[in-house]
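Trainee: The sequence and its predicted three-dimensional model are supplied below.
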Amino acid sequence: MPVRNRLAEMLPEITAWRRDFHANPEILYEVHRTAAKVAERLRDFGCDEVVEGVGRTGVVGLIRGRPGARTIGLRADMDALPINEATGADHASTNPGRMHACGHDGHTAMLLGAAQYLAETRNFNGTVVLIFQPAEEGGNGAKAMLEDGLVDRFGIDEVYAIHNRPGLPVGQFAIRPGPQLAAADEFAIEVIGVGGHAAEPNLAVDPLVIACQIVVALQTIVSRNADPVLQTVVSVTSVETSSKVFNVIPASVSMRGTVRTHSPEMRALAERRIAEIAAATAQALGGQAETTYTHGVPVTINTPENTAFAIEAARTVADGCQESPLVMGGEDFSFMLQVRPGAMIYVGNGDSAGLHHPAYDFNDETIPAGASWFVEMVERRLAAPSLG
């Protein structure tokens, strides 16, 4: 069965929802308008329950089919990014400095389309939990919803999500079992020296020189410490001094960066070595360095059995499903996969700008495939009496 005819017919309507979300982007947990629109539509569809304020601004909808004990969770993220849009589209952002540069507007619209279809047909045994999540982009909204009782409160047994992927043909799918996206951590290093006049560097301890040496030394974590078979990225992304004057050696330098790993061993190694290298380098040059390491999202690990179910559904919808490469980006859906089996699949966005790019826009032509995959997952996983 290809994409569902009903969902193909709904494309203009779902596209209108998506473009409305795109024109009115909201970031992190401040997704009040988006969440209200989602809740309103779920009620209009006839969902059995609609609960707002889960994980601060998340929305959960329940659709009950025929009698059955199993419950499937379907997740979409609602938040945008703090980026100035450069698409020039008619539906471009009306909120300066904010845009849907990752396609969460499309994810939300696809799940809404699937919700309307499932509420109309109810061709399954059990319950579907529709999860509309805030703050995926750096706010750990998935974790907040879990801490608010998402899984136990709604009895979720399995959980699935979809993310668009530029470069993958429109409507095609890709996934891999096991690790698919990386753990994404952050570090901050405060380098402390002795400020002074730039004409008398001998009377100062230049923290900028120390910071530059630390940047170079941190490269050895990947090149000389990490197992070369296990993907690891350590990137310094910001260096800021306490002075903006041409002839002043600053007293301190603040550094920030990110670590991406696919294994707990490499994650622990990077955390330890960053602190060791920063402190030792600073000491050797007469200064000090204090490191703060913050654990972000864990590795996104697709449960192998559930990945197989996702592939079967994708092949039904699109007559094919590629194996996704490992990606060093992070996704907070990983928190949900830590507590329940499930999988995240990619759906093709075609030849578009990359994610988080000011010229990116979600491709509306992929909506029927993505929404159909959500529906197919429900009807397959909640079809047999043994699962009901």
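Mentor: Cool, got the structure.
Trainee: Backbone dihedrals for Gly196, both of them.
Mentor: Geometry field for Gly196 lists phi and psi as phi 180, psi -170, criterion degrees, to the nearest 10.
Trainee: and it, how far is that from Gln133?
Mentor: 50 Å (Cβ to Cβ, to the nearest Å). Bear in mind the C-beta positions are built from the backbone N, C-alpha and C, glycine included.
Trainee: Compare neighbour counts for these two and give me the winner.
Mentor: Under the neighbour definition other Cβ atoms under 10 Å, Gly196 and Gln133 were set side by side, and Gln133 has more, 32 against 17.
Trainee: Now do the contacts for that one.
Mentor: Residues counted as contacts of Gln133 (Cβ atoms under 8 Å, 6 or more residues apart in numbering) are Gly55, Gly58, Arg75, Ala76, Asp77, Met78, Gly141, Ala142, Met145.
Trainee: Farthest-apart pair in those, please.
Mentor: Across the contacts of Gln133, the two members that end up farthest from each other (Cβ to Cβ) are Gly55 and Ala76, 13.5 Å apart.
Trainee: So these two - more neighbours on which side?
Mentor: Ranked by neighbour count (other Cβ under 10 Å), Gly55 and Ala76 place Ala76 first, with 27 against 24.
Trainee: is it true that that one touches Met110?
Mentor: Yes - Ala76 is within contact range of Met110, at 7.0 Å (criterion: Cβ atoms under 8 Å).
Trainee: who touches both of these two?
Mentor: When contacts are counted by Cβ under 8 Å, 6+ apart, Ala76 and Met110 have Ile162 as shared neighbours.
Trainee: Any regions of this protein where pLDDT drops low?
Mentor: The chain contains residues with pLDDT under 70 at 1, 384-388.
Trainee: In it, which helix is the longest?
Mentor: Secondary structure of the chain read by DSSP state H shows that its longest helix is helix 264-284.
Trainee: and it, what does it pack onto?
Mentor: Here helix 264-284 is seen to pack against strand 183-192, helix 207-220, strand 232-241, strand 252-261, strand 288-297 when contacts are counted using 3 or more Cβ pairs under 8 Å, 6 or more residues apart in numbering; DSSP states H and E.
Trainee: Can you list the neighbours in contact with it?
Mentor: Applying Cβ under 8 Å, 6+ apart, the external contacts of helix 264-284 come out as 183, 185, 187, 189, 191-192, 210, 213-214, 217-218, 220-221, 225-227, 230-232, 234, 259, 261, 288-291, 293.
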